[in-house]
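*Asks:* Take this sequence and fold it.
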Amino acid sequence: LFIGSIPGLKVDENCRVLTSADEPIEGLLACGELVFGNVFNRAYPASGTGMATSAYTGAIAGSTAVDTLRAE
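*Replies:* Numbering: from 1, shown residues only. Just a heads-up that it's a prediction; the model follows:
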């Protein structure tokens, strides 16, 4: 059973994927199980927590994508 990638990809508060120097990679967003390591510290507490993380990071990533497209 695969429940997420810990630590996964590092993202900022807008779900933009960060480089090793903590700089956002233009046009690259991540959410859900790909970013679990930003929320969980090497342990997975419960399934409801993971579902909530997937839902709210999906909404943040979607909003960031829309804002980016509007700015172009």
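
*Asks:* Next, count neighbours for the closest residue to residue 11 other than its chain neighbours.
*Replies:* Counting by Cβ to Cβ, 6 or more residues apart in numbering, residue 11 lies nearest to residue 35, which is 5.1 Å off, once chain neighbours are set aside. Bear in mind the C-beta positions are built from the backbone N, C-alpha and C, glycine included. For residue 35, the neighbour count with other Cβ atoms under 10 Å is 26.

*Asks:* how close does residue 35 get to residue 50?
*Replies:* Separation of residue 35 from residue 50 (Cβ to Cβ, to the nearest Å): 11 Å.

*Asks:* and what of residue 63?
*Replies:* From residue 63 to residue 50 the distance is 21 Å (Cβ to Cβ).

*Asks:* More neighbours: these two, which one.
*Replies:* residue 50 (18 against 12).

*Asks:* In terms of helix, strand or coil, where does the more buried one fall?
*Replies:* What DSSP: H, G, I helix; E, B strand; the rest coil gives for residue 50 is helix.
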